[in-house]
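1. Quick one, fold the following:
(chains A, B and C)
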Amino acid sequence: MDRMENMKLMDIYNRLYNNFGPRHWWPAKDDFEMIIGAILTQNVAWKNVEVAIENLYSRDLIDLYRLYNAKNEEIIDAIRPARFFNQKLRYIKAFCKHIIDEYGGELDKFFDKDTKTLRRELLSLPGIGEETADVIILYGARKPIFVVDAYTKRLVSLLGIMDGPFTYPRVQQYFMSNLETDLYLFNEYHALIDAWGNIICRGKAAKCAECPLSDLCSICTLDRTKDRIAPVI
DNA sequence: TTCCTGCGTT
DNA sequence: AACGCCGGAA
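-> Next up, the predicted model:
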């Protein structure tokens, strides 16, 4: 734990928290819905996922066994707004099958495993990459792990707080080695970075005037008219 | 790298 | 019409 790096990261966290307030993630009624949402949201706007989840609820399919036994056409019909529906159908069914075969359909038994084992097991499943695995560990199993997404890479790149290349494990290691291992902190930090990337720092339409980190940003100087350059990731 | 491939925003 | 989205696989 480097004191200076910790101060930098906590300063960023506090600015985001003061600006956006607590985000109360993950937005789901239960753990199963949380996991389905995590798969459906891959490279898709969350608004589309909300529709897909609602479609599943209206078909009474937010349930491990009912979803696993449902017809492919019915699931595709429901999740179509979340894009890549053929792949995501396979991913969802594979996850359900795994929990049914290995844990008798009980998610809690799956979550009981230690973080490292849980992560390995999640990564072995189709459609579960590093980000989705960590999201499920943090917001589903409620174990402290730092989630890295495209916004996180954009943030460290723009603020110049760490050296590249900004690969998933390197960025994750940077945050986890310089922050207290705290479930609430990791929960809010990722959710706040998402709010920042989603609401403020969205590519061409970036609202630098409203950004609580503008004075730390290497390319977003407000005192001169300057075209934004895409961050190198 | 490319494919997957819906929808609100600009 | 083009962009970009709470990515992952091959």
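2. Only C-alpha atoms from now on, for both contacts and neighbour counts.
-> Noted.
3. Model confidence for A:Arg228, exactly?
-> A:Arg228 is assigned 42 on the pLDDT scale.
4. just how off-centre is the helix or strand bottoming out on mean pLDDT in chain A within its chain?
-> Across the helices and strands of chain A, mean pLDDT, DSSP states H and E gives its lowest value to helix A:150-159, namely a mean of 95. Between the centre of helix A:150-159 and the centre of its chain there are 14 Å (Cα atoms, centre = their mean, to the nearest Å).
5. Can you tell me the centre-most residue of chain A?
-> Ranked by distance to the mean C-alpha position of chain A (Cα atoms, centre = their mean), the top residue is A:Val135 at 5.2 Å.
6. Assign it to one of the three secondary structure states.
-> With DSSP: H, G, I helix; E, B strand; the rest coil as the basis, A:Val135 sits in helix.
7. what does chain A have sitting close to DNA strand B?
-> By Cα under 7 Å from any atom of the strand, the residues of chain A that approach DNA strand B are A:44-45, A:47-48, A:80-87, A:205.
8. Next step: those restricted to helices.
-> Among the residues of chain A next to DNA strand B, the members falling in helices are A:Lys47, A:Asn48, A:Phe85, A:Asn86, A:Gln87 (criterion: DSSP state H).
9. okay, now the second one: neighbour count?
-> I take that to be A:Asn48. A:Asn48 has 17 neighbours, counted by other Cα atoms under 10 Å.
10. residues in contact with it?
-> Each residue near A:Asn48 by Cα atoms under 8 Å, 6 or more residues apart in numbering is listed here: A:Pro81, A:Ala82.
11. Check the gap between it and A:Lys109 for me.
-> A:Asn48 is 30 Å from A:Lys109, where distance means Cα to Cα, to the nearest Å.
12. can you check A:Cys96 too?
-> A:Cys96 is 14 Å from A:Lys109, by Cα to Cα.
13. go on, A:Arg83?
-> Using Cα to Cα, we find A:Arg83 at a distance of 31 Å from A:Lys109.
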